[in-house]
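[1] my questions are about this predicted structure, shown below with the sequence.
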Amino acid sequence: MPSTAIRLLAYDAAAGELRVTFVSGRRYVYAQVPPEVFAAFSHAPSRGAFFNREIRDRYAFREVTDGSGRDRQRRSG
């Protein structure tokens, strides 16, 4: 189902990394996300609500930036 907040999801099972691209164009990588969380996220009726409830503030993440060659790193609280 299309989301008004999230444009694209991708998951690297070997690394346990979830990549989220928002409609704003901002891209983030979330670390140590279990495959069952990604599966539920990708099938959620509201990806934005699922993200806010199950992903945001639960996993360490970094913002992927273009041009600078570096990602901004942050940890969840």
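    Here it is on my side, so go on.
[2] just the pLDDT at the closest residue in space to Ala5 that isn't next to it in sequence, thanks.
    Using CB to CB, 6 or more residues apart in numbering and skipping the chain neighbours, the partner closest in space to Ala5 is Gly48 (3.7 Å). Glycine gets a C-beta too; all of them are placed from N, C-alpha and C. Per-residue confidence (pLDDT) for Gly48: 95.
[3] Thr4 too?
    pLDDT at Thr4 comes out at 84.
[4] where does the prediction get shaky in this protein?
    1-2, 67-77 (pLDDT under 70).
[5] for this protein, longest helix please?
    helix 35-43 (DSSP state H).
[6] what residues does whichever helix or strand comes after that one touch?
    Using DSSP states H and E, the helix or strand that follows helix 35-43 in sequence is helix 47-50. For helix 47-50, the external contacting residues (CB atoms under 8 Å, 6 or more residues apart in numbering) are 1, 3-6, 9, 40-41, 44.
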